[in-house]
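Novice: this one's structure only:
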């Protein structure tokens, strides 16, 4: 078995204290064998947060170790910025440890069930003659190696800056504080897991992990966009963390305080208390993990992926109350295939994890973009969206067209699914025109991704500007509906959720599609900008866009079976 | 003459999960060269028994011995003698068969070279020799099952425990595995075969053990069961014991769901 260079190095490093393991009753040969196997597998698992890598369903994944180290190293480079915020070292270290703890904890929460604690071990390793100690140590070392692969690339850039700014003493103190922070994050992960498991069932658990992944991608994107802009923020420069009364409620401050105490000893009650917590909390946390959490933990984890024979039946039998989706579908679709397409897509978009993973981060990106935009304006307030000042024109357009990327992302994903094989059901159905199913699913995208944003944008626009905003609002809604139908027209040979998620739909193509979408949005916003003060032109263009939309709709809804493409199963 | 020592001895085995008692006193002696068909409805306690014999569950009441060694006291020694083929084709599919089986060989302490020789020949016999270095992600369920069977037999175990081993296999592979099991039994191996496929169990088992609600409801060769329960197929005997003949009522209920009065008449 051939291993990745980094894995091989870390493995030999962690296997160095052989005498210690032997004294604990560990079978070294088997330990090495289990870890080798696990590390090879890690290298072939898709990266935890790699959206685009997840798409490659048919192609084997390779070299995840190098890929993830690269990503974490880039993140580490970004974190160097913290050491240039203002003058106060305690601020530098507190902000670094904040992001470090968040990164490490979030990644490990996702990796724990996916990579580190594999329930298949129960069937594969446990029936073999391997003693409990060997198995336990193999898990602990696996987690340790996995964490090293994140922690080391994350801290190397910061360590270099710290050495330059504070010399070797500062570096040693930094490494010590980082080590304790890492231990503390293990405690946080275990506590989070137990808390989630206590209050939810395995299916919900997987959804929570899914949302954490989405949150994480937004966080990376947001950090990348926002951090460099905060660097010369005058508020941060004057901030005195040590003087804040409740600062010790923030765990990352403890590790900053510890560093300060070790490098530039000085007495301050907050600082002293923080240092104490930095040392005692990780120790107490690890003690809790080993003595209290671990036994309950394994048992609970078995539930997560374990297939239970007895699925508890829902207590309420009989008819279900119609939900929001049912009400909207009664309103805007015609009964039969179109309504079926709507109902199916409405539910699949809300429940399918891979759809949410692809589309929901877009919501976060929009918020981040808006924040970035607002940060640029120094004295920003609600009057920045008043229509009578020509300077505000661009801001208004950004707000009006902010849902566009999200809508286009949803429209380009709605025909993809991991369970695409279930699309046999369409082939069996006696529907005359499959186009009606596609039309229903487009309407579901409108209902889920356009109605609410436009409601919010419309209401706030009216409150600020009254009727004057109406032509722009109508035009932007018309244009975005047209964009949605254009994207759907590109994919209109596919029924909803009927195509496998393959490489061809991801990576380079998706980036290209994203750029294309941006260009189209840009052109439309530019046109809107030109005719911004001419109401009749905007209304005419709105009518035109809706007419084209209607024609596309007619084309899609009349699509016959012979123009529908189904995915072929590979032999 | 010395009496033959049983290979598996289960006496007064009880096991419960929190409030739910799954096994309520199982007593069973299994002799070498026997193929035991272990059957029962879902939730009857089949896989719990299998897990206990394999040493996967330790907090049970009663005594379970394999070749005279207590599973409770020395699970490792027992695990060495057992080959276990789990259901659901549970394996690490990002590995290749070569990697996976080498790893299994390490855990059984078989020297690498000997292991490689053995599993290559076995996979070759199963027609998988061209897939030795291909990741199992792309394998069909039947191919994965073949790899698992090889991993269960590779260390030449005394006792072979199989959980639904034929699932996903094509007709020819089913014949091969059935023949393999008879030859293993003839060579003195003990085979514990847990399955839902009554016709297979009926044909290959020397002895059939039926458990229902955590107790043994029937035990004997198919001939003995027929003498006791009437001259029926195993499927019928199973149904009589476990469901008290409700099947035709259920079918009638399903048919009643069609409301024949309102249903448009299909053209004759």
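Specialist: Received it, and whenever you're ready, just let me know what you need. Everything quoted here is computed from the prediction, not taken from an experiment. Residues are numbered from 1 along each chain as shown, chains lettered A, B, ... in the order given.

Novice: okay, CA-based contacts and neighbour counts for the rest of this
Specialist: Noted.

Novice: need the residues of chain A near chain B, please.
Specialist: For chain A, the residues in contact with chain B (CA under 8 Å from any CA of the partner chain) are A:1, A:29-30, A:33-34, A:37, A:40-41, A:44-45, A:120, A:122-124, A:126-131, A:309.

Novice: can you name the residues that contact the residue lying closest to residue B:134 once chain neighbours are set aside?
Specialist: Distance criterion CA to CA, 6 or more residues apart in numbering or on different chains; nearest residue to residue B:134, sequence neighbours excluded, is residue B:96 at 5.1 Å. Neighbouring residues of residue B:96 by CA atoms under 8 Å, 6 or more residues apart in numbering or on different chains: B:132, B:133, B:134, B:135, B:136.

Novice: ok so, going back, any of the residues of chain A next to chain B buried? List them.
Specialist: A:30, A:33-34, A:37, A:40-41, A:44-45, A:123-124, A:126-130 (16 or more other CA atoms under 10 Å in any protein chain shown).

Novice: from these, pick the one nearest residue A:522.
Specialist: Among these, residue A:45 lies closest to residue A:522 (CA to CA), at 37.6 Å.

Novice: pretty sure that closest one sits against residue A:67.
Specialist: No. If you go by CA atoms under 8 Å, residue A:45 and residue A:67 don't touch, sitting 11.1 Å apart.

Novice: returning to what we had before: narrow the residues of chain A next to chain B to those in helices?
Specialist: Under the assignment DSSP state H, the residues of chain A next to chain B contribute A:29, A:30, A:33, A:34, A:37, A:40, A:41, A:44, A:122, A:123, A:124 to helices.

Novice: Throw those into a markdown table and include pLDDT and distance to residue A:391, thanks.
Specialist: Shown next, in a markdown table, are those (pLDDT from 0 to 100; distance: CA to CA, whole Å):
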| residue | pLDDT | distance to residue A:391 |
| --- | --- | --- |
| A:29 | 91 | 72 |
| A:30 | 91 | 70 |
| A:33 | 92 | 67 |
| A:34 | 92 | 65 |
| A:37 | 91 | 62 |
| A:40 | 90 | 57 |
| A:41 | 88 | 56 |
| A:44 | 84 | 52 |
| A:122 | 78 | 65 |
| A:123 | 81 | 66 |
| A:124 | 86 | 66 |
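
Novice: could you dump those residues into a markdown table with distance to residue B:65 added?
Specialist: Output for these, formatted as a markdown table (distance: CA to CA, whole Å):
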| residue | distance to residue B:65 |
| --- | --- |
| A:29 | 28 |
| A:30 | 26 |
| A:33 | 29 |
| A:34 | 28 |
| A:37 | 32 |
| A:40 | 37 |
| A:41 | 36 |
| A:44 | 40 |
| A:122 | 21 |
| A:123 | 21 |
| A:124 | 22 |
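
Novice: host element of residue B:12?
Specialist: strand B:8-17 (DSSP states H and E).

Novice: mind checking if that strand is in reach of chain A?
Specialist: No. Counting by CA under 8 Å from any CA, no contacts exist between strand B:8-17 and chain A, the nearest distance being 11.9 Å.

Novice: and that strand, what does it pack onto?
Specialist: Secondary-structure packing of strand B:8-17 (3 or more CA pairs under 8 Å, 6 or more residues apart in numbering or on different chains; DSSP states H and E): strand B:20-30, strand B:61-66.
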